[in-house]
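Pasting a predicted model and its sequence here:
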Amino acid sequence: MEIRRRLNLTSHITINGEVSEKEKHHLLASSDIFCLSSRTESFGLVLLEAMLYGLPVVATEVGGIPEVVNDCAILVPPNNPDLLASALIQVLTDKKLARTLGERGLRRVQRFNWDILVKKYERLYEEVMVERASS
């Protein structure tokens, strides 16, 4: 039996496949928390999007995630579901913490210049293409 059903959480947890931009923004606007449990994230643009919505963030401390979120999220090691669950529970049950993380995130996201961000992504894609072409 699926764990959501076993724990009676089907009305609280949605598992989505690929979503459109419109669906993504609707999901962010209607969420209480944002969690990015990744093992190989390079930058985490979706984290900035979540912070734009004032969402408290829980994420794994891999790649560029710590640099993106700074002190605006609870970070946990990858491959540690117990710590991830604890962090999620902490944010969901501590409204002051959730509000603080959301407010910090709103301030943090203002520090990112989208023009610079686009240029960084262009360079990253160029590097990947060069690497792919040489292998």
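Yes, it's here.

Where does the prediction get shaky in this protein?
Filtered on pLDDT under 70, the chain yields the residue ranges 1.

just checking, what's the longest helix in it?
The single longest helix within the chain, with elements called by DSSP state H, is helix 114-134.

can you give me the helices for this structure?
Using DSSP H, helices in the chain cover 3-6, 21-29, 45-52, 65-69, 81-93, 95-109, 114-134.

of the ones you listed, which approaches residue 58 most closely?
Across the helices of the chain, residue 58 has its closest neighbour in helix 81-93 (4.6 Å, Cβ to Cβ). In short, each C-beta sits where N, CA and C put it, glycine included.

mind listing what residue 63 touches?
38, 40, 41, 42, 43, 44 (Cβ atoms under 8 Å, 6 or more residues apart in numbering).

Which one of these is nearest to residue 84?
Proximity of the contacts of residue 63 to residue 84 (Cβ to Cβ) peaks at residue 38, which lies at 11.1 Å.

mind checking how far residue 11 is from residue 27?
Using Cβ to Cβ, to the nearest Å, residue 11 is found at 15 Å from residue 27.

gap between the closest residue in space to residue 34 that isn't next to it in sequence and residue 72?
Leaving out its chain neighbours, the residue that sits closest to residue 34 by Cβ to Cβ, 6 or more residues apart in numbering is residue 50, at 3.7 Å. Using Cβ to Cβ, residue 50 is found at 10 Å from residue 72.

between those two, who's got more neighbours?
More neighbours surround residue 50 than the other of residue 50 and residue 72, with 28 against 22 (other Cβ atoms under 10 Å).

returning to what we had before: residue 11 and residue 27: which has the busier surroundings?
Higher neighbour count among residue 11 and residue 27: residue 27, with 15 against 7, using other Cβ under 10 Å.

So for stretch 17-33, what gets flagged as buried?
By neighbour count on 16 or more other Cβ atoms under 10 Å, the buried set for stretch 17-33 is 28, 33.

hang on, the earlier thing: residue 15: which of the helices of the chain is closest?
When the helices of the chain are ranked by proximity to residue 15 (Cβ to Cβ), helix 3-6 comes first, at 7.6 Å.
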